[in-house]
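A.B. asks: sequence and predicted structure below; questions after.
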Amino acid sequence: PLWLLATKSMQYHTGGNVSIALMREVAQNVRGHTGVIINAGTAKRLGINEGDRVEIRSHIGATYGDAVLAQGVRPDTLVILGQFDHWATPFARDFGMPSLNTIAPMSLELTDATGSGSDIVRVAVRKVAAKETV
């Protein structure tokens, strides 16, 4: 019953610097860069606490990340900064970050004239044990 959005950040703006350890260190100090941002009220209702491992599932698959609770996010929306699942470089692959790319279907209806797609998908979220994540 939730919307998942993806956004970019200054630290990982074009993705070319995702494998630089210094960029990761900087990002760890900026709120939201450690997982999936969830409205604090929604998280409480679902029994999710700050730092809990969560599964974010769409109709085509699942991605996993740590919960980052915030008041400034709509109650029906989750936000992921960056899109890390598609990275093959060992350093970025080991982040354990969720990615909208993994669970959003390709759709011509969501593609604009420049070839860009909308970074949005309907999802469900649930708390999981660390051993459940892939």
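C.D. replies: Received it, and whenever you're ready, just let me know what you need.

A.B. asks: run through this structure and note the low-pLDDT ranges.
C.D. replies: Regions of the chain meeting the criterion pLDDT under 70 cover residues 12-16, 82-94, 110, 113-117, 131-134.

A.B. asks: mind jotting down where the strands sit in it?
C.D. replies: Per DSSP state E, the chain has strands spanning 2-7, 36-39, 53-58, 61-70, 77-81, 120-127. These are given in chain order.

A.B. asks: which strands or helices does the first one pack on?
C.D. replies: So that's strand 2-7. Counting by 3 or more CB pairs under 8 Å, 6 or more residues apart in numbering; DSSP states H and E, the packing neighbours recorded for strand 2-7 are strand 77-81, helix 100-103, strand 120-127. Heads up, the C-betas are built off the backbone N, CA and C, glycines and all.

A.B. asks: 7 Å instead, please
C.D. replies: Packed against strand 2-7 by the contact rule (3 or more CB pairs under 7 Å, 6 or more residues apart in numbering; DSSP states H and E) you find strand 77-81, strand 120-127.

A.B. asks: pick the most deeply packed of these.
C.D. replies: Stretch with highest mean neighbour count among the helices and strands packed on strand 2-7: strand 77-81 (a mean of 22; mean count of other CB atoms under 10 Å).

A.B. asks: nearest the geometric middle of the chain, what residue?
C.D. replies: Against the mean C-alpha coordinate of the chain, by CA atoms, centre = their mean, the closest residue is Ile80 at 3.0 Å.

A.B. asks: relative to Arg24, which of the strands of the chain is closest?
C.D. replies: With CB to CB as the measure, strand 77-81 is the member of the strands of the chain nearest Arg24 (12.5 Å).
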